[in-house]
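> what would the 3D arrangement of this be:
(one chain, ligands or ions: 1)
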Amino acid sequence: MGTLIQNGTVVSSDRSQLLDVLMEGEKIAKVGPGLDIAGHTVVDATGLLVMPGGIDVHTHLDMPFGGTTSADDYTTGTQAAAVGGTTTVIDFALQSQGHTMKEALATWLKKSDNKACVDFSLHMAVTDLGPGDGSQGLREMEEMLAAGISSFKLFMAYPGVLMIDDGLMFKVMQKAAALNALCCIHAENGSAIDIVVAQMIAEGKTAPHYHALSRSPKAEAEATHRAIALADMAGAAVYIVHLSNEYALDELKFMQARGAKALAETCTQYLVLSLEDQMPGKSWEEAKFVFTPPLREKRHQAPLWKALVEGSLSVVSTDHCPFRFADQKELGRGNFTKIPNGGPGIENRLQILWHFGVNAGRITQEKFVELCCTAPARIFGMGKQKGTIAPGLDADILLWDPKAEYTISAATQCMATDYSMFEGWKVQGNAAKVFSRGELVVDNTVQPGKFLGATGRGRFVRREANAGGFA
Ligand SMILES: [Zn+2]
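Presented below is the predicted three-dimensional model:
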């Protein structure tokens, strides 16, 4: 006795076909035309697209930042993900300087325990290798791998808090190369940016707009090049997170052409929001769009879309890091350096990418699946469990209604913020039904915006080390 999804069009990263999908227990049992319905519950997917559940590889749930904590915890964050069609997230465990990675892992597993509603995994953000030559930290990387964490995040920004120097970064990259692990890099030149920031504050340029101006595309491009060059020297695979502009993209493409094992994502916001439209420098409201890297001039958007089509950018994630406008963003009124960095996006990724990507003719529906589901699973070492509709994989399935019209608004969203970055935007294309390991957890056609599963049902996903798919 299983659940049979009938009459839908199954979309994979390379084709779309009229096929039925049989789910049994938590797994996909069969995929094929005209499957026998005897003994099964039938879900009619006529007019719908049947896709793998979305995978968002860049989220920050329950994350401390600048004296506050991101507004979504593992419960609201993963429920919002599910309502938007995303069934797996990879969040970040942040090692504090002076503490071990094991402590960070324990802290983040506790945050998610009995709270996660869809499956999740963690990257380990390395900020400290311990005393002396760092051998203690490098050994800990092996322990992380044994625990199913196969990607390590390194910050080239936020000096004194998260930033590491090039030597430490290179050591981690050498170790990652030996372990077949993937290095994820926040690429911005934090030291140079901090000087510009101090100069701006001294000149009284304290509004949110100046946050964006203080972190130039060139600072991102410089660090992007340096990160990939160092990884290439170390023989490591590298994944640039939240690549936001054409200059950084040029550095990525240059190094890819030279054979570096370099991948990158961009995020929804860089594709559709801009400095001109959202942050013209007129009001405090612009604090809603203070995140890092900042919004760029509109002219950077077209090259990012083109890179998604051509393949130099592999993934679209959100960098979901929500803070409420009323009381959290408020911490930085009068001083942009105190504005908690981040925006809410986990719930809207698929809607935005579908509407502005597929509907606008920029990407195909197959590319949409590749960018949002299949590539994230493959690159991050969970392609055997997630990201594709095939027998034996987890039954994480999204029934997508390409005709559904939806108006994005903070008033109806599941995310715990008091604003939306896309307030009032009308999009066409939305999640109709969402299955997580075979269980119907969202039915937007009957109970829109409601998570139907039990809180805490989400499981930690152990990922294998495959050097971002290069191995
Ligand atoms: Zn981030």
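> what's around residue 373, how many residues?
When neighbours are defined as other Cβ atoms under 10 Å, residue 373 has 30 of them. For the C-beta atoms, the positions are set from N, CA and C on the backbone; glycine is no exception.
> put the alpha carbons of stretch 340-360 into CSV.
Output in CSV follows, covering the C-alpha atoms of stretch 340-360 (Å, rounded to 0.1, in the frame of the first residue of the first chain):
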residue,chain,number,x,y,z
PRO,A,340,21.7,42.7,11.9
ASN,A,341,22.7,41.4,8.5
GLY,A,342,20.3,39.2,6.6
GLY,A,343,16.9,38.9,4.9
PRO,A,344,14.0,36.4,4.9
GLY,A,345,13.8,34.3,1.8
ILE,A,346,13.5,30.6,2.5
GLU,A,347,9.7,30.5,1.7
ASN,A,348,9.8,32.4,-1.6
ARG,A,349,12.9,31.0,-3.4
LEU,A,350,11.0,28.7,-5.8
GLN,A,351,8.2,31.2,-6.5
ILE,A,352,10.7,33.9,-7.4
LEU,A,353,12.9,31.7,-9.5
TRP,A,354,10.0,30.2,-11.3
HIS,A,355,8.3,33.5,-12.0
PHE,A,356,11.3,35.5,-13.0
GLY,A,357,13.2,32.6,-14.4
VAL,A,358,10.9,30.1,-16.1
ASN,A,359,7.9,32.4,-16.8
ALA,A,360,10.2,35.1,-18.1
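> show the average pLDDT along it.
Mean pLDDT, stretch 340-360: 98.
> and the longest helix anywhere in the chain, average pLDDT?
Of all segments of type helix in the chain, defined using DSSP state H, the longest is helix 217-234. For helix 217-234, mean pLDDT rounds to 98.
> read off the pLDDT value for the nearest residue to residue 253 once chain neighbours are set aside.
Spatial nearest neighbour of residue 253, excluding adjacent residues (Cβ to Cβ, 6 or more residues apart in numbering): residue 312 at 5.0 Å. At residue 312, the model reports a pLDDT of 98.
> all helices for the stretch 51-200 of the chain, in order.
Using DSSP state H, counting those that start in this stretch, the helices of the stretch 51-200 of the chain run over 74-83, 101-112, 135-146, 166-179, 190-202.
> hmm, who's touching the fourth one?
Which is helix 166-179. Identification of contacts with helix 166-179 by Cβ atoms under 8 Å, 6 or more residues apart in numbering yields 126, 129, 134, 137-138, 141-142, 145, 152, 154, 156, 164, 181-183, 226-227, 230-231, 233-238, 465, 467.
> of the residues you listed, buried ones?
126, 129, 134, 137-138, 141, 145, 152, 154, 156, 164, 181-183, 226-227, 230-231, 234, 236-238, 465, 467 (16 or more other Cβ atoms under 10 Å).
> for stretch 223-237, the distance to its chain's centre please.
When C-alpha coordinates are averaged (Cα atoms, centre = their mean, to the nearest Å), stretch 223-237 and its chain have centres 21 Å apart.
> please export the C-alpha coordinates of that stretch as PDB.
Only the C-alpha atoms of stretch 223-237 are listed here, as PDB (Å, rounded to 0.1, in the frame of the first residue of the first chain):
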ATOM      1  CA  ALA A 223      38.300  37.600  -2.400                       C
ATOM      2  CA  THR A 224      36.600  35.300  -4.900                       C
ATOM      3  CA  HIS A 225      39.800  35.200  -6.900                       C
ATOM      4  CA  ARG A 226      41.900  34.700  -3.800                       C
ATOM      5  CA  ALA A 227      39.700  31.900  -2.400                       C
ATOM      6  CA  ILE A 228      39.700  30.000  -5.700                       C
ATOM      7  CA  ALA A 229      43.400  30.500  -6.200                       C
ATOM      8  CA  LEU A 230      44.300  29.200  -2.800                       C
ATOM      9  CA  ALA A 231      41.900  26.300  -3.100                       C
ATOM     10  CA  ASP A 232      43.500  25.500  -6.500                       C
ATOM     11  CA  MET A 233      47.000  25.600  -4.900                       C
ATOM     12  CA  ALA A 234      45.700  23.200  -2.100                       C
ATOM     13  CA  GLY A 235      44.000  20.900  -4.600                       C
ATOM     14  CA  ALA A 236      40.700  21.500  -2.900                       C
ATOM     15  CA  ALA A 237      37.200  21.900  -4.400                       C
END
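> residues contacting it, please?
For stretch 223-237, the external contacting residues (Cβ under 8 Å, 6+ apart) are 154, 156-157, 166, 169-170, 173-174, 176-177, 181-183, 185, 187-189, 238, 240, 243, 248, 251-252, 254-255, 258, 260-264, 467-468, 470-471.
> could I get the average pLDDT for the helix or strand that comes right after the longest helix of the chain?
Next helix or strand after helix 217-234 toward the C-terminus (DSSP states H and E): strand 237-240. Averaged across strand 237-240, pLDDT comes to 98.
> so for the helix or strand following strand 237-240, mean pLDDT?
Counting by DSSP H and E, the next helix or strand C-terminal to strand 237-240 is helix 246-257. Taken as a whole, helix 246-257 has a mean pLDDT of 98.
> ditto for stretch 190-198
98.
> only the buried residues of that stretch, if you could.
190, 192, 193, 194, 196, 197.
> one more: stretch 87-102?
Buried-residue list, stretch 87-102, by 16+ other Cβ under 10 Å: 87, 88, 89, 90, 91, 92, 93, 94, 95, 100, 101.
> right, I'll leave it there.
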